[in-house]
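**Student:** Sequence first, then the predicted structure:
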Amino acid sequence: MLVVGYAGKMVANFVPHTEYVLFAIAIGMLIRNLIPLPQIFAPGIASYELWMKTGVALLGAKLVLQEVFLIGGKGLGLVVIEIIVAILTAAYLGRLCGLKEKLASLLGIGIGVCGVSAIISSTSAIDAEEDDAAYAIATILLFGAIMLFLYPALGSLLGMSDTAFGYWTGLSIDNTAEAVATGFAFSEAAGNVATIVKLSRNALMGVVVLIMALYYARKGITGQVRNKAAFLWSRLPKFLLAFLGFSVLATVGWITPDQAKVLNNASKWLFMVTFAGVGLSTEFKRMKAGFKPFLVGFGVETIVSIVTFFLVYYVVG
């Protein structure tokens, strides 16, 4: 992943006005889908999520708490609207296309909250079938790969500012790694905003999964949630707390500007490895999710993208 990521940096040096992120991901995708990788590499490639979470945590050292709360506070209201739109749209389109209710719910939660992590958390919580989770995850991964390349081009075409693009990306792209990668593919400033807004969505994962679990429990389809506080804690992304912790230390001066610079540089190297891992994990032959889930996913992703774009346009400017 380090070699692939650095190769992306080298290629970007020869292409004006581009970020290395897309090249690191594209090279990883080409290798994954054109060269049969030995199984021995699978655990290493799967570790990209660890580097992503560590990189996000270290990124907190360069963002003072006031900035985090300003972006996250404004973004939180937009996040709530986005989640509601995604879940209700998935439920409606799911019924229209004859999808199973739980599959539609998984698509809505995955698109609305935080992609694969939310789907995995929700599968056991609402007692969904493994096949439903597989369809939802494949659909999410497919659109994540498309948006990685489509969004930066759209942002440039629409003349979006770094801040507006960061909000839009953080609100509408599902997986954390892809959202962060897309933000940084536009600019570093956009990547920072996208990360904070995306973390605001991640922070609500436990609440959304709990509500869905209680909804299905009331319908008599799943068991009761015995301890709501323990349930919320188990679903809370812990790297979000680490991000806030580093931000607190930087805000009170326990992390000096020079130290923050070192940690920020470390986060960039970790993100480079992460983006390469995203590409190396994208196996197109596993994305045959079937026509109906794909159609519903396309509809939900499109509506969420349009709604969040106008929300950002009117709220952020």
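**Tutor:** Cool, got the structure. Numbers count the residues shown, from 1 in each chain.

**Student:** low-scoring stretches of this protein, by residue?
**Tutor:** Across the chain, residues meeting the criterion (pLDDT under 70) sit at 221-224, 286-290.

**Student:** which stretches of the stretch 201-317 of the chain form helices?
**Tutor:** With helices called from DSSP state H, counting those that start in this stretch, the stretch 201-317 of the chain shows them at 205-218, 228-235, 238-251, 257-281, 291-315.

**Student:** Would you mark the buried spots in the shortest one?
**Tutor:** Which is helix 228-235. 231, 235 (16 or more other CB atoms under 10 Å). Yep, even glycine has a C-beta here, placed from its N, CA and C like the rest.

**Student:** One more: the third one?
**Tutor:** Taking 16+ other CB under 10 Å as the basis for neighbour counts, the residues of helix 238-251 that come out buried are 239-240, 242-244, 246-247, 249-251.

**Student:** Distance to Lys9 added to the residues you listed, as a markdown table?
**Tutor:** Formatted as a markdown table, the entries for the buried residues of helix 238-251 read as follows, by distance: CB to CB, whole Å:
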| residue | distance to Lys9 |
| --- | --- |
| Phe239 | 25 |
| Leu240 | 28 |
| Ala242 | 26 |
| Phe243 | 25 |
| Leu244 | 30 |
| Phe246 | 25 |
| Ser247 | 27 |
| Leu249 | 29 |
| Ala250 | 27 |
| Thr251 | 31 |
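
**Student:** about what we covered before: closest one to Arg32 among the helices of the stretch 201-317 of the chain?
**Tutor:** Ranking the helices of the stretch 201-317 of the chain by distance to Arg32, with CB to CB as the measure, places helix 257-281 first at 5.1 Å.

**Student:** can you tell which of the helices of the stretch 201-317 of the chain is closest to Val64?
**Tutor:** Go through those one by one with CB to CB and the one that ends up closest to Val64 is helix 238-251, at 4.7 Å.

**Student:** Ala203 against Leu236, yeah?
**Tutor:** Yes. Applying CB atoms under 8 Å as the test, Ala203 and Leu236 come out as touching, 7.3 Å apart.

**Student:** Looking at the two, which is more packed in?
**Tutor:** Relative neighbour count places Ala203 above the other of Ala203 and Leu236, with 19 against 16, counting by other CB atoms under 10 Å.

**Student:** Skip the chain neighbours and tell me the closest residue to the more buried one.
**Tutor:** If you skip the residues right next to it in sequence, Ala203 has Leu240 as its closest partner in space, 5.7 Å away by CB to CB, 6 or more residues apart in numbering.

**Student:** and the one you found, what does it touch?
**Tutor:** For Leu240, the contacting residues are 199, 202-203, by CB atoms under 8 Å, 6 or more residues apart in numbering.

**Student:** same thing with Ala125?
**Tutor:** By CB under 8 Å, 6+ apart, the residues touching Ala125 are 209-210, 212-213, 222, 225.

**Student:** of these, buried ones?
**Tutor:** Buried members of the contacts of Ala125, counted by 16+ other CB under 10 Å: 209-210, 212-213, 222.

**Student:** Pick the one among those residues closest to Ser267.
**Tutor:** After measuring these against Ser267 - CB to CB - the closest member comes out as Val209, at 28.0 Å.

**Student:** returning to that earlier point: include distance to Ser281 when you put the contacts of Ala125 into TSV, please.
**Tutor:** Rendered in TSV, the data for the contacts of Ala125 read as follows (distance: CB to CB, whole Å):
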residue	distance to Ser281
Val209	23
Leu210	29
Met212	26
Ala213	28
Thr222	30
Val225	32
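
**Student:** Tell me the one of these nearest Ile27?
**Tutor:** Val209 (34.9 Å).

**Student:** separation between the closest one and Tyr215?
**Tutor:** In this structure, Val209 and Tyr215 are separated by 11 Å, where distance is defined by CB to CB, to the nearest Å.

**Student:** Check Leu263 too.
**Tutor:** According to CB to CB, Leu263 stands 41 Å off from Tyr215.

**Student:** and what of Asp127?
**Tutor:** Taken as CB to CB, the spacing of Asp127 relative to Tyr215 amounts to 12 Å.

**Student:** Also Tyr313?
**Tutor:** Computed with CB to CB, the distance linking Tyr313 and Tyr215 is 32 Å.

**Student:** swap in Gly8?
**Tutor:** Counting by CB to CB - Gly8 and Tyr215 are separated by 43 Å.

**Student:** So for those two, which sits in the more crowded spot?
**Tutor:** For the pair Gly8 and Tyr215, the greater number of neighbours falls to Gly8 (23 against 13), based on other CB under 10 Å.

**Student:** what about that one, distance to Leu22?
**Tutor:** Relative to Leu22, and taking CB to CB, Gly8 is found at 8 Å.

**Student:** With Thr282 instead?
**Tutor:** 13 Å.

**Student:** can you pull out the helices in the stretch 51-200 of the chain?
**Tutor:** Taking DSSP H, counting those that start in this stretch to define them, one finds helices in the stretch 51-200 of the chain at 65-97, 101-109, 115-125, 130-157, 162-172, 176-186, 188-203.
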